[in-house]
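>>> what follows is a predicted structure for the sequence shown.
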2 protein chains.
Amino acid sequence: MKEQDSFDPKKRILAAAISLFAQKGFAAVGVREIAAGAGVNIAMISYYFEGKVGILKEIMEEFFRRYFLVFEGVDDKSKTPEACVRGLIHNIVNFVRENTDLTMVSYNELPLDLPEIAELKAEKITAMIQRISGLVLRMGFDPSDVFVIAVVGPSLISTIFTNFRFRPVLKRVFRFKFDDAYYERYAETIATLFLNGIKGLAEERKRKKRSTK
Amino acid sequence: MKEQDSFDPKKRILAAAISLFAQKGFAAVGVREIAAGAGVNIAMISYYFEGKVGILKEIMEEFFRRYFLVFEGVDDKSKTPEACVRGLIHNIVNFVRENTDLTMVSYNELPLDLPEIAELKAEKITAMIQRISGLVLRMGFDPSDVFVIAVVGPSLISTIFTNFRFRPVLKRVFRFKFDDAYYERYAETIATLFLNGIKGLAEERKRKKRSTK
DNA sequence: ATAAAAGTTAAACAAACGTTTGTCAAGCCC
DNA sequence: GGGCTTGACAAACGTTTGTTTAACTTTTAT
């Protein structure tokens, strides 16, 4: 592990922490390990981040800051709703690809109960939901069916995130090359999967409405 | 927290550990906390489980033991492939519902790097993949398209598991009652979602094959 | 009845934890 | 040059970690 990189200590600490947290989980990593990985003194962690959880906070802030950008420009009136969804899926896949460890740390810690970051989590998740549901409604979905929205959205996101989460496992079992072509095909596959799935749900809904009339 | 339940100490330790691990994650929970939750002496943990990771090992063993049963009897020749898939999804949803904490602990620790359980993980995952891929092929899927299988299967599982993983969050945002009716509808919704999605993928595949001929 | 085994306990263990302290050197402003 | 801030460090802080020990009680088997 390189210790003498030229960029500043704070960034080195952050980078080392992201990598270690992604690998072992936040609670399983000690400050000494982070300091060693970053090539800095232990005291620097409290100095720059006000403690270990301070690092996690900054990581999650950074994750959401970047993640929000994914939804920027997706709601394009000149394109069909279907094309918008395909675009969004491409965006998310590329985002996780370029920010894998950052995403994994945040995604892994999100469901865990850590009182020190409870507020931050609540705030970010609320903002997230607002942004997404606004987007969903403007993209041709039936707003009266909250249930389906509450199922399909999380399903899509968990599909992509989990694919990266179990990358080491997948790598051992399936012999894919995880290159540009793979991700291109992957994004298109799940886009087709979900678009057809949503279509099927809408049709079933119509059938049921008619039969109850 | 009840401490004087009549069943034996080992089960009490296991139950307390499962609950705490699910809530905070394995590494964030100490043996004293587990002992207190179970109402036993700290030394009992090493006595019955040979240490803290011993508990986790037993938890994961138990999880996979039960999880494997979900696939039992799903491959029913008298039913259509579609009905088989719907049945499987119902089984999985009910399984996670009845074993939520057990599932969450295993699912949360699976992607993390903990050397002491690396072997156990590898063994179980291999067994899992074998069982599933055998099932998938016998259920009317095109065995030549490994890629789609590698995408759809994990997507389905992550969808269900993640739904439970973020239950506290969902609970606060959407005002659903998580009762029998909810889970019934949930299972049917994602069954429709995935069955139509798979159908769409198969059609697209056919189209592409024809165009390249 | 008695000895062996199993169960349970409080106490102590070394090791690791996250954080704080005091110190020193370098760079800056006035 | 004196006073101040900032960055970096080693060392030590008190606490908590998981585990072990040895003594004690209860159960079981002979």
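Cool, got the structure. Everything numeric in this text was worked out from a predicted model, so none of it was measured.
>>> gap between the residue nearest in space to the middle of chain A and B:Met104?
The centroid of chain A falls nearest to A:Thr103 when counting by CA atoms, centre = their mean (5.0 Å). For A:Thr103, the distance to B:Met104 equals 20 Å [CB to CB, to the nearest Å]. Placement of C-beta: from N, CA and C, glycine included.
>>> so for the nearest residue to A:Asn108 once chain neighbours are set aside, what's the pLDDT?
In space, and not counting its chain neighbours, A:Asn108 is closest to A:Gly25: 6.2 Å by CB to CB, 6 or more residues apart in numbering or on different chains. A:Gly25 is assigned 97 on the pLDDT scale.
>>> surely A:Arg165 meets A:Asp101?
No - the pair A:Arg165 and A:Asp101 fails to qualify as a contact (CB atoms under 8 Å) at a distance of 11.3 Å.
>>> the two - which one has more neighbours?
A:Arg165 (25 against 17; other CB atoms under 10 Å in any protein chain shown).
>>> and the residue lying closest to the more buried one once chain neighbours are set aside, how many neighbours does it have?
Closest residue in space to A:Arg165, ignoring its immediate chain neighbours: B:Pro111 at 4.9 Å, by CB to CB, 6+ apart. Number of residues near B:Pro111 (other CB under 10 Å) recorded here: 20.
>>> and B:Pro111, what's its pLDDT?
96.
>>> try A:Met128
Note on A:Met128: pLDDT of 88.
>>> please tell me how far it sits from DNA strand C.
According to CB to the nearest atom of the strand, to the nearest Å, A:Met128 and DNA strand C sit 27 Å apart.
>>> is any part of the helix or strand where A:Ala191 lies close to chain B?
Using DSSP states H and E, A:Ala191 sits within helix A:180-212. Yes - against chain B, helix A:180-212 shows contacts by CB under 8 Å from any CB of the partner chain at A:185-186, A:189-190, A:192-201, A:204.
>>> quick one: mean pLDDT for that helix?
91.
>>> by contact count, what packs against that helix?
Using 3 or more CB pairs under 8 Å, 6 or more residues apart in numbering or on different chains; DSSP states H and E as the contact test, the elements touching helix A:180-212 are helix A:81-98, helix A:146-165, helix B:146-165, helix B:180-212.
>>> for that helix, which residues meet the burial criterion?
Judged by neighbour count using 16 or more other CB atoms under 10 Å in any protein chain shown, the buried positions of helix A:180-212 are A:183, A:186-187, A:189-202, A:204-205.
>>> and which of the residues of helix A:180-212 next to chain B is nearest A:Pro154?
Lowest distance from A:Pro154 to the residues of helix A:180-212 next to chain B (CB to CB) belongs to A:Phe194, with 11.8 Å.
>>> am I right that that closest one is in contact with A:Val151?
No - when contacts are counted by CB under 8 Å, A:Phe194 is not listed as touching A:Val151 (11.3 Å).
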